[in-house]
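*Asks:* no FASTA, just this:
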């Protein structure tokens, strides 16, 4: 059997699959992005996911692939692997591979084939694999970078609009009014109190993206401006991974709720991709990231 895990800033999904990669069990737990929720919390949530998915199954686990947010090097991978083997005796002797969750998104979206994945959810990142060993990742530097192009970025830009609308650096608009109302900001003091702590509440900031995309669809100039800036950032990621990996005539698949919702955001991004390179084939994701982890668990089964 194989185990595939995709853990990010919003949730952790684990899948147990048989030797034909048929799903035997799937479970969802809390986030396990190691720097976003903290290593110990991430491991607690990962432990819960693994125990849930293994409950009732006692067959041999041939290989496990765990894709987690904020895993960037072998030290991160070793720390996670050691913790998993310590907490889950059933996989103590299993071949476990831990990588950044953008790899599981790539494998799931493209069914393990070469191409580019763009993750556009709460956070943003792009990853290219040309199928010949040339890969490149762009973005995904945690929230401290601002996660350009992701929902957190849209929300953070929305906070800027709200602040500027409050003191009339920007003209009032329905979008600005909706932001101020949603945030319960009626004065400078309200704004100061909010801005001192709210940006660190990443899920709450990311939820503001829904207001951005809604009012952008309605033509509000402030919201449209945010969409233009954010989609430029996503396009830069795609362009960068294409250039650095040397991939030719690639397939591109976009994952994440922000990138797949039927909004002006998605429309403008696709238009910009077409203008960048008309040979790019844009595909809908084939599988979810956790199943991509199953694909990688089989692929990595014989690797130490």
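*Replies:* Sure, I can see it. The shown structure was predicted, so the numbers you read here are calculated from the model rather than taken from an experiment. Numbering: from 1, shown residues only.

*Asks:* the helices in the stretch 201-304 of the chain, which residues?
*Replies:* 202-207, 209-217, 221-245, 257-260, 264-276, 289-299 (DSSP state H, counting those that start in this stretch).

*Asks:* Flag every buried residue along the last one.
*Replies:* By neighbour count on 16 or more other Cβ atoms under 10 Å, the buried set for helix 289-299 is 289, 290, 291, 292, 293, 294, 295, 296, 297, 298. For the C-beta atoms, the positions are set from N, CA and C on the backbone; glycine is no exception.

*Asks:* what's it packed up against?
*Replies:* strand 2-7, strand 12-17, strand 23-29, strand 63-68, strand 95-100, helix 101-109 (3 or more Cβ pairs under 8 Å, 6 or more residues apart in numbering; DSSP states H and E).

*Asks:* okay if I get those as TSV plus distance to residue 246 and mean pLDDT?
*Replies:* Output for the helices and strands packed on helix 289-299, formatted as TSV (distance: least, Cβ to Cβ, whole Å; pLDDT from 0 to 100):
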stretch	distance to residue 246	mean pLDDT
strand 2-7	27	97
strand 12-17	32	98
strand 23-29	35	97
strand 63-68	24	97
strand 95-100	21	96
helix 101-109	16	95
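
*Asks:* Can I get these in a markdown table including mean neighbour count and distance to residue 57?
*Replies:* Listed next are the helices and strands packed on helix 289-299 as a markdown table, based on neighbours: other Cβ atoms under 10 Å; distance: least, Cβ to Cβ, whole Å:
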| stretch | mean neighbour count | distance to residue 57 |
| --- | --- | --- |
| strand 2-7 | 30 | 10 |
| strand 12-17 | 25 | 6 |
| strand 23-29 | 16 | 6 |
| strand 63-68 | 27 | 13 |
| strand 95-100 | 20 | 17 |
| helix 101-109 | 29 | 21 |
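
*Asks:* can the ones you listed go into JSON lines with extra columns for distance to residue 44?
*Replies:* Below are those laid out as JSON lines (distance: least, Cβ to Cβ, whole Å):
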{"stretch": "strand 2-7", "distance to residue 44": "12"}
{"stretch": "strand 12-17", "distance to residue 44": "10"}
{"stretch": "strand 23-29", "distance to residue 44": "9"}
{"stretch": "strand 63-68", "distance to residue 44": "13"}
{"stretch": "strand 95-100", "distance to residue 44": "16"}
{"stretch": "helix 101-109", "distance to residue 44": "18"}
